[in-house]
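> Build the 3D model from these lines:
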Amino acid sequence: MELKTHLKLDNTLNGELLELKEGYAKVVLKTIQNMVADAEGLIHGGFIFGAADFTAMATVNDPYVVLAKSETKFLAPVKVGQSVTFQGKNIESNARKQTIEVTGTIENKKVFVGTFYTVVLDTHVLNL
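Numbering: from 1, shown residues only. Got it, this is the predicted structure:
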């Protein structure tokens, strides 16, 4: 399956798509020095959220998908050099609305969980 959304993202900052199927996406975020928040090597949560959001958008895989709401939990810190694998699964579809569950893991340890509520528009959000 070919990715149809978020094609201009910098994958070094938002994660690289590994697998894409109907209602499912898998993304890996390889953390780098540019993501570090402090002297200890803690990765800023915004990069974790960004990769999770990209995973949700890829799971829907429509060029006009937008995020309406999210409920997320950061379960463990991520350190520079670690790779986080995100998996997105469509858990509910209602016409234009889709709910995506995203989990982020490092070597089978959950570091992130989230529910992303998406909407597929008729046109690009900037053209509304």
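> mind checking the backbone torsions on residue 102?
Dihedral pair for residue 102: phi -120, psi 130, per degrees, to the nearest 10.
> Could you report the neighbour count for it?
Using other C-beta atoms under 10 Å, residue 102 has 25 other residues around it. (C-beta placed from N, C-alpha, C; glycine too.)
> Tell me the bridge partners for it.
Beta-bridge partners recorded for residue 102 (DSSP bridges): residue 88, residue 114.
> now do the one 4 residues further on
Here residue 106 sits in beta bridges with residue 109, going by DSSP bridges.
> From residue 72, how far off is residue 43?
Using C-beta to C-beta, to the nearest Å, residue 43 is found at 15 Å from residue 72.
> swap in residue 7?
From residue 7 across to residue 72, the span is 24 Å (C-beta to C-beta).
> do residue 48 as well
For residue 48, the distance to residue 72 - C-beta to C-beta - is 9 Å.
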